[in-house]
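Trainee: With the input below, show me the fold.
(2 chains)
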Amino acid sequence: MSSTTLPAAPPSAAPVPRATRAITPARLLPWLLLTPSLVVLVVVTGYPLVRMLWLSVHEYERAQLLGVPAPFVGLDNYVATLTDARFWAVTARSFAFMLVCVTLTITVGTLVALLLMRLGRVMRLVLSIGLLLAWAMPPLAAMLVWGWIFDTQYGVVNHLLTSLTGADWMGHSWLISPLSFFTVAALVIVWGAIPFVAFTLYAGFTQIPGEVLEAAQLDGASARQRFFGVQVPYVRTIYVVLIVLSMIWDLKVFTQIFVLQGIGGVKSQTSTLGVYIYEMGMAQGHYGAASAIAVIFTIIMLAISAYYVRATITEEQL
Amino acid sequence: MKILRFGAVGLAAALTLTACSGGGDAGTGDATGGAQGAEIRVWLVGTDTPDEAREYLKSTFEEENPGSTLTIEEQSWTGLVDKLTTALSSSDSPDVVEVGNTQAATFTSAGYFAPLDDIAQDLGGDDLLPGFVKAGTWEDTFYAAPYYAGSRIVFYSEQVLGSTPVPTTLDEYVATATSLRTADRSGLWFPGQDWYNALPFVWENGGFIAEPGDDGTWEAGFSSPGGIAGLRQVQDLMTNASNAPKDGDEAELQVPFCAGQTTFLSAPNWIRWSIQAPADAETPGCADTFGADLHAFPLPGATAGETAKVFAGGSNVAVATRSANVDLAKKALTIMLSEEYQTILAENSMIPARISLASALPDDEFTQASAAAAANAELTPATPKWGDVEAQKVIQDALVQIAQGGDVETIAAELDATIESILNG
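Mentor: Here you go, the predicted model:
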């Protein structure tokens, strides 16, 4: 439920009309133009959000889905969630996993962007197509392929490791220990996220005027100094956007973890917030409790988004 | 700078929006109301129902109800409870659904199925398998009819087993399977998540899954002395007799068998059709190699001459409350419980829902072994919350840890605590 309601912070906030000004047709026009997108937002994001808040303060189970009245329970669902050790374990796990994924994505994405700058036309095209294909692959399909690559019995990774190292890797399960499970999950998620980061940064780097870099070089700045002293500051805002978006995406990751859990691994040790909400709600039918978790999750996401919106707006006003 | 920033924000916004729109739903079927020209959707789970039965259901229904059509949509056992919850409560609900017998209570108790009391006699009445009728009944109302039953039996190929005698007690079975294991071939194929095959060891050693106390609270029994003894045998088999993935599940069991990777395979009796399918079939079997001299025996019990208590597998079928055409759906259900349809199931080695049709079962050793095993079959705890235990995969998680050589007593105690918190929650 939550995954669709997580706010995609609307980047272009409408200018607030001052109260003292009279309402003229000219003032109404922007609102008129905004109406279609506002309607879509209310229907697609607003209603589920309100519904989620309502569910979170009611005892809502499977029977309620078919019309049995739901009793109001106040904040019981929230108290139960916040005092549940499992919730905190899942939250801590999600944040740790998100931090690793974001760091890897941004680092490798930057390196690929720099590589794109250096490559000749042909190789750049080849690399771009490769990145695009990885990006265009639907997560579910990608997961099934990755699942086969790491398959315990027939996986190509085990096969390669066996022929390379000489030791017998066949039958090695990559998903059985949580650490190994999340290594595979991180690999897949970072693999899927790099293209966007790399392309965006590449677009940013190419906008940096050549003479600035040339001047820095003439002044004796090393490549490292030019990168950290010139290139990064130039695209700083892009980095902020990318990091915040990656944080949001990696925190609410669902498909990859859910599918990997189906292939192998121990569910109770590998659930992240999105999967945990699904387990609580869809799998076990505790919709009220799941909504309470989702509300808490949404507040966390809003806090991250708020930083992002503020950062972009202050930049805009400079 | 300005252009850069604007571009980045715009791109980011576009991507966020597309990321959100990813989870579109899978199209809504035409809700044609009214009895005439209605479309009845039947959800069958897995590939167990033979094609012959599917065709019979479709053609008979469309013949008896001119203008209406019947569509069979095949679902997967994985995540079935979640999917049924969503589908059955939506306005686009399927009309007739198959559900695992242990999952039925989750739905009957919450009003997802239409009462069948008015057509109970047409469906077979007292002729229906009583354990499954009980599974489909909630507070004295009959909601989900038995569909078919089955039980696990132990398969082997004579060319592989050779002169080794077939074990006659459970201890012998463990010993034989362990002694037959080589680097390339398991004695017994026992993937870590296969909880259906782990339960007999718990039961035979005097353990239990969960039992209600006098005050109605459930007490789980994996950490009882019998439960521990059973799980130790399971661990022994998983670590010393099986090369199967420690976190694998029990899907497509004919694959390792046909690849010659195991001597014994404990699986539902109808898997013989998958094993004995031609090697070039859509789902390939090995009719000419390991399937050529296939044999089976019921899992032996603790004492010689007895069979072990095994898990009573099978399905129930029900009509969805939200079905747009409950009457037509009931007609379809009646066909599925009819003598003709159930005979087709019986001929394909599935124990039919109607007891009187057991004579239609093929007279081969697989079916006999299955019938012997079914006579001693056990069910999971009779509570609607049991479905949650299955949905959370708590038993599978514990078994995967046991398969890795974890401490049985600790794992069993944690498992019992989890099961009790779910059943009493």
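Trainee: Low-confidence regions, the stretch 1-150 of chain A specifically.
Mentor: A:1-23 (pLDDT under 70).
Trainee: All the helices of it, in order from the start?
Mentor: Assigned by DSSP state H, counting those that start in this stretch, the stretch 1-150 of chain A shows helices spanning A:2-5, A:25-41, A:47-56, A:62-65, A:76-82, A:85-118, A:121-136, A:139-149.
Trainee: Quick one: list the elements packing against the last one.
Mentor: The reference is to helix A:139-149. helix A:156-165, helix A:178-206, helix A:255-263 (3 or more Cβ pairs under 8 Å, 6 or more residues apart in numbering or on different chains; DSSP states H and E). Where C-beta positions appear, they are placed from N, C-alpha and C, glycine not excepted.
Trainee: want to throw those helices into a markdown table with distance to chain B and mean neighbour count?
Mentor: Output for those, formatted as a markdown table (distance: least, Cβ to the nearest Cβ, whole Å; neighbours: other Cβ atoms under 10 Å in any protein chain shown):
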| stretch | distance to chain B | mean neighbour count |
| --- | --- | --- |
| helix A:156-165 | 11 | 13 |
| helix A:178-206 | 6 | 20 |
| helix A:255-263 | 6 | 21 |
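Trainee: circling back: quick one: which of the helices of the stretch 1-150 of chain A is nearest B:V174?
Mentor: helix A:139-149 (32.0 Å; Cβ to Cβ).
Trainee: the inter-axis angle of that closest one versus helix A:178-206?
Mentor: 130 degrees (axes from the mean of the first three to the mean of the last three Cα atoms, to 10 degrees).
Trainee: Can you get me a residue count around the nearest residue to A:M52 once chain neighbours are set aside?
Mentor: The spatial neighbour of A:M52 that comes closest, neighbours along the chain excluded (Cβ to Cβ, 6 or more residues apart in numbering or on different chains), is A:S291 at 4.9 Å. Other residues near A:S291 number 28, with proximity taken as other Cβ atoms under 10 Å in any protein chain shown.
Trainee: check contacts around A:S291.
Mentor: Going by Cβ atoms under 8 Å, 6 or more residues apart in numbering or on different chains, A:S291 touches A:1, A:52-53, A:55-56, A:60, A:77, A:281.
Trainee: tell me the two of the residues you listed that are most distant?
Mentor: A:L53 and A:G281 (14.6 Å).
Trainee: The two: which is more packed in?
Mentor: Shown here are A:L53 and A:G281; by other Cβ under 10 Å, A:G281 has more neighbours (23 against 14).
Trainee: Make JSON lines out of the helices of the stretch 1-150 of chain A and add distance to B:D247.
Mentor: As requested, the helices of the stretch 1-150 of chain A are exported to JSON lines (distance: least, Cβ to Cβ, whole Å):
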{"stretch": "helix A:2-5", "distance to B:D247": "26"}
{"stretch": "helix A:25-41", "distance to B:D247": "43"}
{"stretch": "helix A:47-56", "distance to B:D247": "34"}
{"stretch": "helix A:62-65", "distance to B:D247": "29"}
{"stretch": "helix A:76-82", "distance to B:D247": "29"}
{"stretch": "helix A:85-118", "distance to B:D247": "19"}
{"stretch": "helix A:121-136", "distance to B:D247": "27"}
{"stretch": "helix A:139-149", "distance to B:D247": "12"}
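Trainee: For A:L161, which of the ones you listed is the nearest?
Mentor: Using Cβ to Cβ, the nearest of the helices of the stretch 1-150 of chain A to A:L161 is helix A:139-149, at 11.8 Å.
Trainee: hmm, back to that, looking at this, the residue nearest to A:M52 is in a helix?
Mentor: Yes. Counting by DSSP: H, G, I helix; E, B strand; the rest coil, A:S291 falls inside a helix.
Trainee: quick one: it and A:N77, what's the gap?
Mentor: 7 Å (Cβ to Cβ, to the nearest Å).
Trainee: intersection of neighbour lists for these two?
Mentor: Shared contacts of A:S291 and A:N77, counting by Cβ under 8 Å, 6+ apart, come down to A:S56.
Trainee: And the helices of the stretch 1-150 of chain A: which comes nearest B:V96?
Mentor: helix A:62-65 (19.3 Å).
Trainee: could you dump the closest one to CSV, C-alpha only?
Mentor: C-alpha atoms of helix A:62-65 as CSV (Å, rounded to 0.1, in the frame of the first residue of the first chain):
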residue,chain,number,x,y,z
ARG,A,62,-9.4,-9.6,6.4
ALA,A,63,-13.1,-9.7,7.4
GLN,A,64,-13.3,-5.9,7.3
LEU,A,65,-12.3,-6.0,3.6
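Trainee: do it and chain B meet at all?
Mentor: Yes. For helix A:62-65 and chain B, the contact criterion (Cβ under 8 Å from any Cβ of the partner chain) is met by A:62-63, A:65.
Trainee: Most neighbours among the residues you listed, please name it.
Mentor: A:R62 (23 neighbours).
Trainee: Settle this for me: that residue is touching B:L88, isn't it.
Mentor: No. A:R62 is not in contact with B:L88 according to Cβ atoms under 8 Å; the separation is 9.3 Å.
Trainee: what residues do these two have in common as contacts?
Mentor: In contact with both A:R62 and B:L88: B:107, B:112, using Cβ under 8 Å, 6+ apart.
Trainee: Tell me how many other residues crowd A:T312.
Mentor: 22.
Trainee: Quick check: it is in a strand.
Mentor: No. Read with three-state DSSP, A:T312 is helix and lies in no strand.
Trainee: how much space between it and chain B?
Mentor: As defined by Cβ to the nearest Cβ, to the nearest Å, A:T312 lies at a distance of 6 Å from chain B.
Trainee: Wait, that residue touches A:V241, no?
Mentor: Yes. Between A:T312 and A:V241 there is a contact under Cβ under 8 Å: 7.2 Å.
Trainee: residues from the stretch 301-425 of chain B in reach of chain A?
Mentor: So the stretch 301-425 of chain B meets chain A at B:321-322, B:388, B:391-394, B:396-397, B:400-401, B:404, B:418 (Cβ under 8 Å from any Cβ).
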